[in-house]
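Novice: mind folding the following:
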Amino acid sequence: MTHANSSPTRARWPRAALAAALVATLLAGVYVVWPSRAGHKVVGYFTSAVGLYPGDEVRIVGVPVGSVDSIEPRATDVKITMSVKDGVKVPADAKLGDGDQDMLGVIDRLIDRGAITVCAEACGAMAAVTQATVDYLKTRQQFGQPLSKFQVLQHRLVDMSVSAEEARAVVHAALQALDDDAPGAQRAVWAAKAQTARSARFVGGQAIQLHGGMGMTDELAIGHYYKRLTLCETLFGDGEWYLKQIGAAAMASATV
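Specialist: Numbers count the residues shown, from 1 in each chain. You can find the predicted model right below:
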């Protein structure tokens with residue numbers, strides 16, 4: 001929270017702050033809240049619930065505030081129901097800023113930092129997945145020769161590598177913009193998240209396909225990497241959400 005008292009605030013579009021508090025990870029969603037005998041029920045509609053399970057404890061700044069009741073996968077999203085207690089108290093030092101000043105700008109910057117951190121993690125995972133797939137195709141035999149000898153599979157490996165490097169390039173650019181406090185730093189983060197989400201889905205999916213049925217087993221790391229890349233794709237908002245922010249910002253600039 002180093003920016004809390006050192007930089008001006010900016011009130012822009014709202015982000016899924018409620019999701020951050022309740023699920024301990026920021027995912028864009030729609031929320032419905034209603035009272036119950038024990039506190040409140042909160043229903044969120046998310047793009048993914050990877051790593052979240054019924055019964056998981058919900059914490060805010062380390063303080064237990066409730067638990068996840070149910071997770072219901074649907075056709076286009078995931079419905080998550082949570083119970084939140086009444087009368088929960090958090091330490092005074094958990095407050096962001098002094099008084100009642102608007103801290104949305106600070107929260108925006110913190111979320112940008114979180115988003116680019118997830119992008120960097122995904123870049124590392126994509127590099128590991130690509131290398132593991134190369135190694136697997138070199139050892140797997142078909143028609144008397146390694147699968148890596150087949151040109152069509154070589155092309156797919158190249159596509160995986162190119163997609164991962166595209167994400168790495170825009171992530172590096174966004175990190176540099178943040179370090180330099182450049183005027184377009186936030187848009188650079190948005191672009192990095194959008195590209196990383198697209199690359200993560202492609203690279204992870206290709207790795208699973210090239211490994212065949214073995215890629216879905218717990219014995220190989222590929223399946224675990226795929227799950228993590230799916231989570232990285234949706235953390236702090238999915239690629240589609242960030243593309244909409246880029247479009248909205250471009251439209252706003254064009255009308256000025």
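Novice: where's Ala174, which helix or strand?
Specialist: Under the criterion of DSSP states H and E, Ala174 resides in helix 151-179.
Novice: what of Ile107?
Specialist: Counting by DSSP H and E, Ile107 is found in helix 104-139.
Novice: quick check: nearest residue in space to Asp218, chain neighbours excluded?
Specialist: His224 (7.6 Å; CB to CB, 6 or more residues apart in numbering). No exception for glycine: its C-beta is placed from N, CA and C like everyone else's.
Novice: repeat that for Leu231.
Specialist: Leu231 sits nearest to Val50 (CB to CB, 6+ apart), 4.3 Å away.
Novice: settle this for me: that neighbour is touching Thr230, isn't it.
Specialist: Yes: assessed by CB atoms under 8 Å, Val50 is found in contact with Thr230 at 5.3 Å.
Novice: the helix or strand following the helix holding Ile107 - what's its average pLDDT?
Specialist: Sequence order places strand 141-142 as the next helix or strand after helix 104-139, per DSSP H and E. Mean pLDDT, strand 141-142: 77.
Novice: which residues sit against strand 141-142?
Specialist: With CB atoms under 8 Å, 6 or more residues apart in numbering as the test, strand 141-142 has contacts from Leu147, Phe150.
Novice: partners of it, with directions?
Specialist: strand 145-146 (antiparallel) (DSSP bridges).
Novice: ok, which stretches of the stretch 151-256 of the chain are helices?
Specialist: In the stretch 151-256 of the chain, the segments counted as helices under DSSP state H, counting those that start in this stretch are 151-179, 185-211, 221-234, 239-255.
Novice: quick one: list the elements packing against the shortest one.
Specialist: Helix 221-234 makes packing contacts with helix 104-139, helix 185-211 when contacts are defined by 3 or more CB pairs under 8 Å, 6 or more residues apart in numbering; DSSP states H and E.
Novice: tell me which of those helices lies nearest to Lys79.
Specialist: helix 185-211 (21.7 Å; CB to CB).
Novice: tell me which residues in the closest one are buried?
Specialist: Across helix 185-211, burial judged by 16 or more other CB atoms under 10 Å covers 185-204, 206-208, 210-211.
Novice: and that helix, how far out from the chain middle?
Specialist: 10 Å (CA atoms, centre = their mean, to the nearest Å).
Novice: tilt between it and helix 221-234?
Specialist: 150 degrees (axes from the mean of the first three to the mean of the last three CA atoms, to 10 degrees).
Novice: okay, angle between helix 185-211 and helix 239-255 too, please.
Specialist: 150 degrees.
Novice: how about Gln186: what's its closest non-neighbour residue?
Specialist: Gln186 sits nearest to Asp112 (CB to CB, 6+ apart), 5.8 Å away.
Novice: now the residue in the chain sticking out farthest from the centre. Its backbone dihedrals?
Specialist: Most distant from the centre of the chain: Gly144, at 41.8 Å, with distances by CA atoms, centre = their mean. Torsion angles at Gly144 (phi, psi; degrees, to the nearest 10) stand at phi 80, psi 10.
Novice: just checking, Val129 touches Leu229?
Specialist: Yes: using CB under 8 Å, Val129 is in contact with Leu229, at 7.3 Å.
Novice: so what sits against both of these two?
Specialist: Val203, Gly204.
Novice: please name every helix or strand in contact with the longest strand seen in the chain.
Specialist: Longest strand of the chain, by residue count under DSSP state E: strand 63-73. Helices and strands touching strand 63-73, as assessed by 3+ CB pairs under 8 Å, 6+ apart, comprise helix 17-23, strand 57-60, strand 78-85.
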